[in-house]
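**Q** sequence-free structure coming up:
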């Protein structure tokens with residue numbers, strides 16, 4: 001019986017090729033989109049779950065609010081993990097990562113290679129994170145100083161095939177070359193991890209002033225014992241702060257208790273974030289790799305569901321719209337004794353078969369679009385992941401579930417026809433005009449499409465706002481040379497030689513830039529020589545040279561810039577407008593500001609404020625402009641030059657030639673400031689591109705259904721159109737009659753879509769400190785676009801019906 005159902009279903013598909021093609025293609029596109037998004041969501045949710053004890057590992061995060069600055073960072077003091085393990089038996093193990101020293105220059109032959117994905121790690125790291133070893137014993141690999149663990153890619157890169165245990169890597173250091181013994185080789189860390197290191201060096205080699213419980217520079221992970229509630233454990237942090245942090249704070253700040261600190265509007269809090277939630281739920285700064293966003297997982301999941309539902313709606317609408325054609329078939333089969341449940345089974349078999357064929361096509365479409373999706377989403381998903389158990393089950397179950405859900409209403413609808421009524425020729429029950437459900441489904445389709453159109457417009461308007469907003473600095477045509485510290489003592493000479501090149505107008509040496517991939521450093525200061533919880537201020541502190549402001553186009557609006565004419569500028573400071581406002585002086589120029597330096601924060605240093613710069617966005621526009629100051633000091637990580645755009649192609653080879661002459665064997669790497677600026681908004685750009693793609697797909701599927709409905713509507717109303725034309729109706733009148741109903745449905749869909757779209761995008765824009773307002777024309781444009789798309793879709797069938805000879809249509813009656 002089952003084989004009979006599917007054989008009959010196959011014949012019906014072949015018999016109605018146009019109807020079948022619309023249904024199958026629409027479902028295939030919907031299923032392919034759904035499958036790709038399932039792969040994306042599965043990948044996002046899988047981060048760090050491959051570690052054995054992932055469910056018991058947590059990272060400690062810091063939330064610090066002090067002196068006008070608010071820092072939410074994924075870093076802690078160096079001793080925090082050790083002290084927690086000592087005082088609290090719930091802590092089974094701890095480990096730390098330190099990345100503040102940046103990339104390493106590794107010698108290979110006579111040249112050096114820059115390796116950015118490196119860190120210092122505790123010897124306990126591999127006891128907590130069970131990364132499989134190819135060679136050596138990872139549990140003891142980092143016990144001794146001058147040891148390093150590398151992955152298989154690095155082993156092959158530097159030594160080729162073969163055993164590398166005990167071999168040495170030479171790393172460039174201030175004092176020359178520093179040897180590190182390879183004590184283990186691990187497999188490459190999977191891509192679905194928030195860590196992406198190629199080399200891990202022994203923590204005993206980290207250049208750090210240990211024991212500072214007020215400095216936050218280490219990523220600290222703790223492993224709690226079985227059965228420990230991490231939320232309950234977080235309640236121990238205030239006691240930890242009182243016992244260990246407060247005594248150090250008192251060394252440079254006049255406070256009695258942390259309550260005094262908090263009463264002044266300041267906070268110092270620590271929290272735990274489960275390892276498996278770091279990638280999607282972290283909103284902390286200084287992540288090892290750019291995190292994902294659980295909101296986008298929800299959004300893309302909803303989009304997948306919407307697009308699949310739109311495709312299912314097509315199937316339901318087209319099936320019920322064809323009911324008049326199949327009414328006599330149902331009547332005859334019922335008259336011959338076929339039970340209703342048999343008819344339902346037959347129609348469900350047709351539905352499931354349609355979806356199965358669609359799924360086979362969908363797999364091919366997914367395979368074709370996956371490279372594009374990977375490029376846009378920044379992923380490396382492959383179709384091999386389809387063989388994952390859960391996804392494979394989904395592929396087998398999805399056609400059945402979708403087939404039953406999409407086919408159930410048409411099956412129940414068609415099988416209920418009264419055989420006597422339909423055999424007499426009364427098929428008004430199947431009429432398009434009387435189907436409120438069908439209209440509601442069309443409204444749903446276009447409401448979803450309009451929402452996606454609004455989302456796309458708003459995202460691109462926000463991105464355009466970011467690109468065109470006055471940032472307070474000039475990001476255009478600034479050439480950045482990475483790893484400038486490799487020049488050693490030649491760095492100033494290199495700068496002077498580049499400045500002599502035609503087309504180079506200015507240059508600066510500083511690791512601090514208002515874009516990603518540059519240094520950050522915050523320090524505490526006070527208005528008075530004695531700091532307390534009220535006069536303190538926490539600022540980003542950037543070390544720059546004399547030409548920094550000129551090269552980046554930062555405007556000094558009060559006072560002056562650093563100058564070689566003033567020998568006292570070594571103890572001078574330039575602040576931004578935010579800092580000036582916090583300080584509260586009518587004119588801050590000439591005022592002093594104090595800081596405590598040294599390993600125990602007991603060395604008082606006074607700075608003289610010589611200038612105020614106009615506020616500029618030194619972080620992304622997700623954040624307000626915070627307090628910032630500049631000090632005249634060496635910071636040799638990056639060299640930046642303002643160049644003439646017309647001569648860029650000639651300047652870069654000259655700069656590289658000069659580099660090789662002064663830093664022989666050192667890697668030359670450059671980028672442009674505006675590219676790094678754009679990288680800060682890469683996620684938003686990806687979401688925008690995906691929103692466009694999904695909007696097009698949703699509209700395409702909705703239009704397929706609308707085209708099919710228009711076709712059957714015109715067929716059902718053939719006699720009515722003929723009579724109207726005989727009675728004098730023009731072709732325009734007929735087109736208006738056939739299209740008007742759809743336009744009303746699109747307008748109704750707009751009323752439902754607008755509030756949902758506004759709410760969703762208003763929530764999205766809240767993530768930006770600087771954002772656009774959603775204007776009325778955005779909704780009007782989306783509605784107009786939907787109306788025009790609907791008109792274009794139905795116009796072909798409407799015009800065809802309007803131009804048909806009425807004699808032919810009436811002759812057949």
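**A** It's in. Only a predicted model underlies this, so the values are computations on that prediction, with no experimental measurement involved.
**Q** need the per-residue pLDDT for residue 79.
**A** Reported pLDDT at residue 79 in the predicted model: 95.
**Q** ok, it to residue 524 distance?
**A** 19 Å (Cβ to Cβ, to the nearest Å). Just so you know, the C-beta spots here come from the backbone N, C-alpha and C atoms, and that holds for glycine as well.
**Q** one more: residue 290?
**A** Note on residue 290: its distance to residue 524, by Cβ to Cβ, is 28 Å.
**Q** more neighbours: which of those two?
**A** Shown here are residue 290 and residue 524; by other Cβ atoms under 10 Å, residue 524 has more neighbours (22 against 14).
**Q** ok, what's across the strand from the more buried one?
**A** Counting by DSSP bridges, residue 524 is bridged to residue 538.
**Q** that one contacts residue 536, doesn't it?
**A** Yes: between residue 524 and residue 536 there is a contact under Cβ atoms under 8 Å: 5.8 Å.
**Q** overlap of the contact sets of those two?
**A** 66-67 (Cβ atoms under 8 Å, 6 or more residues apart in numbering).
**Q** distance of residue 368 relative to residue 469?
**A** Remark: distance between residue 368 and residue 469 (Cβ to Cβ) = 38 Å.
**Q** next up, the contacts around the residue nearest the centre of the chain.
**A** Centroid-nearest residue in the chain, with Cα atoms, centre = their mean: residue 683, separated by 3.9 Å. Neighbouring residues of residue 683 by Cβ under 8 Å, 6+ apart: 290, 293, 296.
**Q** list phi and psi for it.
**A** With angles defined as degrees, to the nearest 10, residue 683 sits at phi -60, psi -40.
**Q** now the helix or strand containing residue 456: average pLDDT?
**A** In the assignment (DSSP states H and E), residue 456 maps to helix 436-468. Averaged across helix 436-468, the pLDDT comes to 85.
**Q** contact partners of the next helix or strand after it?
**A** Counting by DSSP H and E, the next helix or strand C-terminal to helix 436-468 is strand 478-481. Residues outside strand 478-481 that contact it (Cβ under 8 Å, 6+ apart): 513, 551-552, 638-643, 648, 651-652, 655, 659, 668-674, 676.
**Q** which of the residues you listed count as buried?
**A** Neighbour counting over these (16 or more other Cβ atoms under 10 Å) leaves 513, 551-552, 638-643, 651, 655, 659, 668, 671-673, 676 as the buried ones.
**Q** one step back: which of the contacts of strand 478-481 fall within helices?
**A** Counted as lying in helices by DSSP state H, out of the contacts of strand 478-481, are 551-552, 648, 651-652, 655, 659, 673-674, 676.
**Q** flag every buried residue along stretch 79-91.
**A** For stretch 79-91, the neighbour count (16+ other Cβ under 10 Å) marks 79-81, 83-85, 88, 90-91 as buried.
**Q** which non-adjacent residue is nearest residue 305?
**A** Nearest in space to residue 305, with sequence neighbours left out and distances taken as Cβ to Cβ, 6 or more residues apart in numbering, is residue 34 at 7.8 Å.
**Q** tell me the contacts of that neighbour?
**A** Neighbours of residue 34 in contact, by Cβ under 8 Å, 6+ apart: 304-305, 307-308, 398.
**Q** any chance of the residues you listed in JSON lines, plus pLDDT, neighbour count and secondary structure?
**A** Formatted as JSON lines, these follow (pLDDT from 0 to 100; neighbours: other Cβ atoms under 10 Å; DSSP: H, G, I helix; E, B strand; the rest coil):
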{"residue": "304", "pLDDT": "86", "neighbour count": "21", "secondary structure": "helix"}
{"residue": "305", "pLDDT": "85", "neighbour count": "13", "secondary structure": "helix"}
{"residue": "307", "pLDDT": "85", "neighbour count": "27", "secondary structure": "helix"}
{"residue": "308", "pLDDT": "84", "neighbour count": "23", "secondary structure": "helix"}
{"residue": "398", "pLDDT": "75", "neighbour count": "20", "secondary structure": "helix"}
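**Q** one step back: can I get the ones in helices among the contacts of strand 478-481 in TSV with pLDDT and distance to residue 191?
**A** Listed next are these as TSV, based on pLDDT from 0 to 100; distance: Cβ to Cβ, whole Å:
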residue	pLDDT	distance to residue 191
551	95	37
552	95	35
648	89	34
651	93	36
652	94	32
655	94	34
659	94	32
673	92	29
674	90	28
676	89	23
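**Q** closest to residue 212 among those?
**A** residue 676 (30.5 Å; Cβ to Cβ).
**Q** so the closest one touches residue 513, yeah?
**A** Yes: between residue 676 and residue 513 there is a contact under Cβ under 8 Å: 7.4 Å.
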